[in-house]
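Q: Sharing a sequence plus its predicted fold:
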Amino acid sequence: MLTTITRLRVNQIRHNSTVSLSILNYNKNEITLKIGENPITFKNVFLRDSCKSSDSIDESTSQKLFTTAEGATNLSIIEQPQIEDGGEEPTLKVQWDNDGKKVNSTYPLSFLLKHSTAKNNRVGKFFDNDRIIWDKHELESNLSSINHNYKDFLNNEETFFKALHNLNRYGLCFINNIPIPELTEMNDSNTNQWPVANIARKFGYIKPTFYGSLFDVKNLKKQAKNIAYTNTFLPLHMDLLYYESPPGLQMLHAIQNSTLGGENIFCDSFLAAEYVRQKDPKAYEALTKIPITYHYDNNNEYYYYKRPLVIEDNSITNDKFPKIHAINYSPPFQGPFEIGTVKETNTTEYEMFDDFIRGFKLFESAINDPQNQYELKLPEGTCVIFENRRTLHSRNEFNDSNGGDRWLMGTYVDGDSFRSKLRIGYRNFG
């Protein structure tokens, strides 16, 4: 039986073999091809830079053996490029003179098609068409698809891919039926023995922070260094936005959760940003321009970074999904604004700040609407995984007057690890 990736490759070759490829013209700067019925022009420097010949790419590491600047130096075509049409798919062949060095390059039709449009360039890297924005109704209608069994998640690659798929789709999933840990206290020597560490390492590696590789969230810590370590209501937010590279995923495993209150709340920030864009485009634009200050100045640590509320990605190809790369929203760790608040010589940001505040209010009204929130009391033995730059999380106030205990263990994983596993998963399972 063919694997999914093999079937996709066979179908691609069959498709490409029916698409004609010919050379319309070429000169010292570019080559214009006719692919099917469409003329497409490529820069010569791009083609040379993309060469995969043995003297351009190391066979064992797949790493380039030359720089882009070197490839562009004294570059010319020695003789007329050719189309070879006898293999699996038509192939462009070019012989270069690159600063006195002869290089023979081949470019299969599949490569030329992949790099012919921005949309094609995203195929296999980002999976736009599988992503949707959600509100309370949408998520609750699909709860069965975002819940996975712990042992299957760890041991069954298809279950693991389903979890990856749902994280990409909703920015949220749950891992259930986690055995009660035999350990009673987390320390540096037993980090790798905790279930949440097992879940995180499935993605590749744990992202350590000044909270540690893993962190405990218990009933009430005296002199807490984070509001999450108290029993106070925790508003919707994202973690570690004062880092240059905030974590892409956060995981919270409920080991004990029998206190009164303490329900977890989740919200799709992309939905809220899209609401602002549609309702007040000028205010939305300000949310992409005015940076917000985030800082952590406590416990002999001082972290600081500025970033706008909305970071766009206009290359996203799903017309029903916002063209957003990430959201930055974390009121508990906000510092004073530094741009747009004082009227100086350049008044652009100063004038835009009013639009920004209007957009900020609209954004908060959307995320605080109960119809846009999913609330649950995380069951003991369940771990939630969510995209830290998309899914806002919150927690209701709680107390242990009923004699209950609350112990959640958390950790972080870089978004790069998640997306790497997601791409491999799509290759293997489609």
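A: Arrived safely, thanks for sending.
Q: Contacts only, for residue 302.
A: 295, 296 (C-beta atoms under 8 Å, 6 or more residues apart in numbering). C-beta here means a position set from N, CA and C on the backbone, and glycine is covered the same way.
Q: what number of residues lie near the residue lying closest to residue 29 once chain neighbours are set aside?
A: Excluding the flanking residues, the one nearest residue 29 by C-beta to C-beta, 6 or more residues apart in numbering is residue 44, at 5.9 Å. Neighbours of residue 44 under the rule other C-beta atoms under 10 Å: 20.
Q: For residue 44, report the pLDDT, please.
A: We have a pLDDT of 98 for residue 44.
Q: Can you say which helix or strand has the most far-flung residue of the chain relative to its centre in it?
A: Of all residues in the chain, residue 79 sits farthest from the chain's C-alpha centroid, using C-alpha atoms, centre = their mean; the distance is 44.2 Å. Taking DSSP states H and E as the definition, residue 79 sits outside all helices and strands.
Q: quick one: it from residue 93, how far?
A: 10 Å (C-beta to C-beta, to the nearest Å).
Q: Also residue 291?
A: Residue 291 is 49 Å from residue 93, by C-beta to C-beta.
Q: which of these two has more neighbours?
A: Ranked by neighbour count (other C-beta under 10 Å), residue 291 and residue 93 place residue 291 first, with 17 against 12.
Q: which residues touch the more buried one?
A: By C-beta under 8 Å, 6+ apart, the contact set of residue 291 is 306, 307, 308, 338, 339.
Q: Spatially nearest residue to it, not counting backbone neighbours?
A: residue 306 (4.0 Å).
Q: Centre of the chain to the one helix or strand that neighbour maps to, how far?
A: Per DSSP H and E: residue 306 is located in strand 301-308. Centroid separation for strand 301-308 versus its chain: 20 Å, with C-alpha atoms, centre = their mean, to the nearest Å.
Q: Note down every partner strand of it and its orientation.
A: Under the criterion DSSP bridges, strand 301-308 sits next to strand 291-298 (antiparallel) in its sheet.
Q: if we can go back for a sec, format the contacts of residue 291 as JSON lines; extra columns: distance to residue 365 and pLDDT.
A: As requested, the contacts of residue 291 are exported to JSON lines (distance: C-beta to C-beta, whole Å; pLDDT from 0 to 100):
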{"residue": "306", "distance to residue 365": "24", "pLDDT": "98"}
{"residue": "307", "distance to residue 365": "22", "pLDDT": "98"}
{"residue": "308", "distance to residue 365": "19", "pLDDT": "98"}
{"residue": "338", "distance to residue 365": "25", "pLDDT": "94"}
{"residue": "339", "distance to residue 365": "24", "pLDDT": "92"}
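Q: of these, closest to residue 173?
A: residue 307 (25.9 Å; C-beta to C-beta).
Q: how close does the closest one sit to residue 333?
A: Taking C-beta to C-beta, one finds residue 307 at 12 Å from residue 333.
Q: ok so, going back, show me which positions of the strand holding residue 306 end up buried.
A: If you call a residue buried by 16 or more other C-beta atoms under 10 Å, then strand 301-308 has these buried ones: 303, 305, 306, 307, 308.
Q: Kindly report the same for stretch 410-419.
A: Buried residues in stretch 410-419, counting neighbours by 16+ other C-beta under 10 Å, are found at 410, 411, 412, 413, 414, 415, 417, 418, 419.
Q: tell me what the helix or strand where the second one lies is packed against?
A: Taking DSSP H and E as the criterion, the element that holds residue 411 is strand 406-413. On a contact count with 3 or more C-beta pairs under 8 Å, 6 or more residues apart in numbering; DSSP states H and E, strand 406-413 meets helix 195-201, strand 214-218, strand 249-257.
Q: Pull up the pairing partners for that strand, direction included.
A: Counting by DSSP bridges, strand 406-413 is paired with strand 214-218 (antiparallel), strand 249-257 (antiparallel).
Q: Please enumerate residues in contact with the next helix or strand after the first one?
A: Read that as strand 214-218. Proceeding N to C from strand 214-218, the next assigned helix or strand is strand 234-237, under DSSP H and E. Strand 234-237 has contacts (C-beta under 8 Å, 6+ apart) with 227-228, 265, 267, 329-333, 367-368, 392-395.
Q: Residue 211: which of those is nearest?
A: residue 228 (9.6 Å).
Q: ok, back up a step: which one of the contacts of residue 291 sits closest to residue 104?
A: Taking C-beta to C-beta as the measure, residue 104 lies nearest residue 307 of the contacts of residue 291, at 46.2 Å.
Q: Which residue lies closest in space to the closest one, excluding its sequence neighbours?
A: In space, residue 307 is closest to residue 328, 4.6 Å off (C-beta to C-beta, 6+ apart).
Q: To what extent is that neighbour buried, counted in neighbours?
A: 20.
Q: please renumber so the chain begins at 40
A: Got it, first residue is 40 now, which makes that one residue 367.
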